[in-house]
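J.: coords please:
(2 chains)
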Amino acid sequence: MTFAAKANALWAYANPRKFLATTERVLPVFWWTAAACLAVGLVWGFFFTPDDYRQGSTVKIIYLHVPSALMAINCWLMMLATSLVWLVRRHHVSALAARAAAPVGIVMTLIALATGAIWGQPMWGTWWAWDPRLTSFLILFLFYLGYVALWEAIEDPDTAADLTSVLCLVGSVFALLSRYAVNFWNQGLHQGASVMRAAAITGSDTEEKVSNVFFVPLMVCIIGFVLLFIALVLYRTGTEIRARRIRALLARERAGA
Amino acid sequence: MIALLTRDLKLALRAGGGFGLGLAFFLIVTVMVPFAVGPQSALLATIAPGVLWLGALLACLLSLDRLLALDWEDGTLDLLATAPLPLEAVLSIKAMAHWLTTGLPLVLAAPVLGVLLNLPGPGFAWLVASLALGTPALSVIGTFGAALTVGLKRGGLLLSLLVLPLYVPTLIFGAEVARRGATGQDLSTPLLMLGGITAASIALLPFASAAVLRVNIR
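T.: Residues are numbered from 1 along each chain as shown, chains lettered A, B, ... in the order given. The predicted model follows:
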């Protein structure tokens, strides 16, 4: 198949029936591999890695903190992509996927904020600091809240999809702006990027990268979170599609009666 | 276009004191601050730029749900949408009218309230400058929020939830300009960023507002 043909084949999944049939088949795979990755990664991380020489055993919260923070941002990116697909090609599954992803994103943001606070308390001596990374996450959380609230407030699903899509686009620009604005506003306590670096790909231990002893189980956890996120979003999208069908059936029944 | 602007201005001025409401709110917020944090003048001087910016922002927010809702209720909005004027232009004018009736009075009143909060001398000019530069962005962003929520019952609360996160960058840079102006630091970077946000918002957001309004009056 050529690339164009492959790309066209992908749009076939915009058909709700095909989407449901396919996801029903692949969902168990995602659930089980996610569970396996998380079990292996978390158990490995919590019980079979040494304590950090400076941070002691508190470092182990990294196995929840980093993956959830990563997914909190990527969830918004995914919503941005599906919103664009909805605005351009008007596939309903796309809009429903964005709707299904938002609460997952909220939970990921909350996990990242909560584990960050629990980690920050012994390390920095404070639960919360007005640090750029922390603050921009709080703002991201507010964006999620507004997005979900707008979805819930509008009766007509197509109108809601249109409005939330535009909100997602505008919100992305402002979320990015806020990110740099708070950076400028205050330089804080949070450490720089130390997981996703070039050295991570080559596999070598360097000064500014997390040591491989921690890095390998962390990677397993991140893969587990990604798979869990995909499984949750597919599952919730399926639920949204079914809920929509029920509404359509009820409306038809009422019209017939 | 000018007819629409004068119509909106007249409505704001004549329709039951809505015009002064934002200003009165700004005054009340500013007066409440010393009660809340204590009357030490050194403390008030430090927080004055931020408080004045926050007060102006909230006063701006207060009048947003009236921006389109009245025209929505009496059907004017449908007429405007079918008028030969593009909807983007209509919304730009509405934002401009909102700024003239809400933002501009806030800018003019800010120095007086600065006296109440013991704002340091050099800060006055920069406070006015930052507000003059930043409040148009608040009006344009607010118009987007109003267009999003126009068809909803009790959209006012939702409106603030949607609009406040969008106000964050403007608030940070605006208050930073005022703060640095008051303490005599170099303020070119936040000033340029604030100007950039305002310019970009005025240039781009009317298209987003018009897009969501078209969906809402479909």
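J.: From now on I want contacts and neighbour counts done on CA atoms only, so please keep to that.
T.: OK.
J.: and the worst-scoring helix or strand of chain B on mean pLDDT, what does it pack onto?
T.: Here the helix or strand of chain B ranked lowest by mean pLDDT, DSSP states H and E is helix B:2-14, holding a mean of 72. Packing partners of helix B:2-14 (3 or more Cα pairs under 8 Å, 6 or more residues apart in numbering or on different chains; DSSP states H and E): helix B:18-37, helix B:87-98.
J.: tilt between it and helix B:18-37?
T.: 50 degrees (axes from the mean of the first three to the mean of the last three Cα atoms, to 10 degrees).
J.: show me what contacts A:Leu232?
T.: A:Leu232 is in contact with A:Ala101, A:Val104, counting by Cα atoms under 8 Å, 6 or more residues apart in numbering or on different chains.
J.: Roughly how far does it sit from A:Leu140?
T.: Remark: distance between A:Leu232 and A:Leu140 (Cα to Cα, to the nearest Å) = 20 Å.
J.: Tell me where the stretch 51-200 of chain A is predicted with low confidence.
T.: Applying pLDDT under 70 to the stretch 51-200 of chain A picks out residues A:52-56, A:186-189, A:191-200.
J.: Quick check: which element contains residue 136?
T.: If you meant another chain, say so; for now it's chain A. Here A:Ser136 sits within helix A:132-153, counting by DSSP states H and E.
J.: You answered for a different chain; I wanted chain B.
T.: Assigned by DSSP H and E, B:Pro136 falls in helix B:123-149.
J.: what helices or strands is that helix leaning on?
T.: helix B:41-62, helix B:65-73, helix B:87-98, helix B:104-116, helix B:155-183, helix B:188-216.
J.: and that helix, what's its mean pLDDT?
T.: Across helix B:123-149, the average pLDDT comes to 91.
J.: swap in stretch B:75-83?
T.: 81.
J.: Show me which positions of that stretch end up buried.
T.: Neighbour counts using 16 or more other Cα atoms under 10 Å in any protein chain shown place B:Leu77, B:Leu80, B:Ala81 of stretch B:75-83 among the buried residues.
J.: what's the answer for stretch B:151-158, then?
T.: Of all the residues in stretch B:151-158, those buried under the rule 16+ other Cα under 10 Å are B:Gly151, B:Leu152, B:Gly155, B:Gly156, B:Leu158.
J.: In terms of pLDDT, where does the most far-flung residue of chain B relative to its centre sit?
T.: Going by Cα atoms, centre = their mean, the residue of chain B most distant from its centre is B:Gln40, 29.3 Å out. pLDDT recorded at B:Gln40 is 83.
J.: So what does it have for phi and psi?
T.: phi -60, psi 120 (degrees, to the nearest 10).
J.: so what's A:Met79 up against?
T.: With the criterion set at Cα under 8 Å, 6+ apart, A:Met79 makes contact with A:Ala97, A:Ala98, A:Arg99, A:Ala101, A:Ala102, A:Cys168.
J.: Can you name the helix or strand that it falls in?
T.: Assigned by DSSP H and E, A:Met79 falls within helix A:62-89.
J.: Tell me the buried residues in that helix?
T.: By 16+ other Cα under 10 Å, the buried positions in helix A:62-89 come out as A:62-72, A:75-87.
J.: Distance to chain A for the helices and strands packed on helix B:123-149 - can I get that in JSON lines?
T.: As requested, the helices and strands packed on helix B:123-149 are exported to JSON lines (distance: least, Cα to the nearest Cα, whole Å):
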{"stretch": "helix B:41-62", "distance to chain A": "13"}
{"stretch": "helix B:65-73", "distance to chain A": "15"}
{"stretch": "helix B:87-98", "distance to chain A": "15"}
{"stretch": "helix B:104-116", "distance to chain A": "22"}
{"stretch": "helix B:155-183", "distance to chain A": "5"}
{"stretch": "helix B:188-216", "distance to chain A": "6"}
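J.: Take those and write them to CSV, including distance to A:Asp131.
T.: Below are these laid out as CSV (distance: least, Cα to Cα, whole Å):
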stretch, distance to A:Asp131
helix B:41-62, 18
helix B:65-73, 33
helix B:87-98, 34
helix B:104-116, 28
helix B:155-183, 14
helix B:188-216, 18
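J.: between the ones you listed, which has the poorest average model confidence?
T.: Here those differ in mean pLDDT, and the lowest is helix B:65-73 at a mean of 80.
J.: List of residues touching that helix?
T.: B:Leu77, B:Asp78, B:Lys94, B:His98, B:Thr143, B:Ala146, B:Ala147, B:Val150, B:Gly151, B:Gly155, B:Gly156, B:Leu159.
J.: residues touching the fourth one, list them.
T.: I take that to be B:His98. By Cα under 8 Å, 6+ apart, the contact set of B:His98 is B:Leu67, B:Ser139.
J.: redo that, cut-off 7 Å
T.: Residues near B:His98 by Cα atoms under 7 Å, 6 or more residues apart in numbering or on different chains: B:Ser139.
J.: next one: the first one
T.: For B:Leu77, the contacting residues are B:Asp71, taking Cα under 7 Å, 6+ apart as the criterion.
J.: That one: helix or strand, and which one exactly?
T.: helix B:76-82.
J.: And the residue of the stretch 1-150 of chain A closest to chain B?
T.: Closest residue of the stretch 1-150 of chain A to chain B, Cα to the nearest Cα: A:Gly146 (5.0 Å).
J.: OK, contacts around that residue?
T.: For A:Gly146, the contacting residues are B:Leu161, B:Leu162, by Cα under 7 Å, 6+ apart.
J.: Centre of the chain to the helix holding A:Ser136, how far?
T.: Its chain's average C-alpha position is 13 Å from that of helix A:132-153, according to Cα atoms, centre = their mean, to the nearest Å.
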